[in-house]
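Peer 1: one predicted model, sequence on top.
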Amino acid sequence: MKFKKDCIFCRIAAGEIPSDKVYEDERIVAFKDLNPQAPVHVLVVPKAHFATLAEMSGEDAELVKHALQTVPRIAASLGLANGYRLIVNQGEDAGQTVHHLHIHLLGGKPLGEKIV
C-alpha cells in the first residue's frame, strides 16, 4: 500500500502515532476525531495514501468501497442505531485539513438538516 512518511493519517494507520481506534482491518482504520463535531465523531481512513477522490486509482476505489461497506458495522458498534452522517471533504475550499482521503462519521444526536 502507498504510504507517505509526512502524512499524519498514514502514520496513525501504521501505528506510529497513537489514536483512539474503534475499528481496524487490513485495509482501513477508524478512530475518534480529536476535535469532535458531534457526540460521536470518527474518521474512517484507508491505509493507502491518496488525498482526494480525483487522485484515486482503481485499487484506491476498492478501498473506498470497502470503507463504505464497513461503515454500517462501525456505526452499529458505536450505538448509532438512529442514524449518522458521512462527510468527505475534498480540497481546501471544502475544509480538508489533512490531505489523505478520509470519511467523517458523525452521530449520537439529531444532526438536523444543516451540513454540520
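Peer 2: Perfect, thanks for sending it.
Peer 1: looking at strand pairing, list the partners for residue 28.
Peer 2: residue 46 (DSSP bridges).
Peer 1: how many neighbouring residues does it have?
Peer 2: Residue 28 has 22 neighbours, counted by other Cβ atoms under 10 Å. In short, each C-beta sits where N, CA and C put it, glycine included.
Peer 1: what of residue 60?
Peer 2: 18.
Peer 1: any idea which element it lies in?
Peer 2: helix 58-77 (DSSP states H and E).
Peer 1: what residue lies at the spatial centre of this protein?
Peer 2: Geometric centre of the chain, nearest residue: residue 44, 2.3 Å, by Cα atoms, centre = their mean.
Peer 1: pretty sure that one contacts residue 64?
Peer 2: No. Using Cβ atoms under 8 Å, residue 44 is not in contact with residue 64, being 9.7 Å away.
Peer 1: pLDDT score for residue 60?
Peer 2: Per-residue pLDDT puts residue 60 at 93.
Peer 1: ok but residue 36 is inside a helix, no?
Peer 2: No. According to DSSP: H, G, I helix; E, B strand; the rest coil, residue 36 belongs to no helix; its state is coil.
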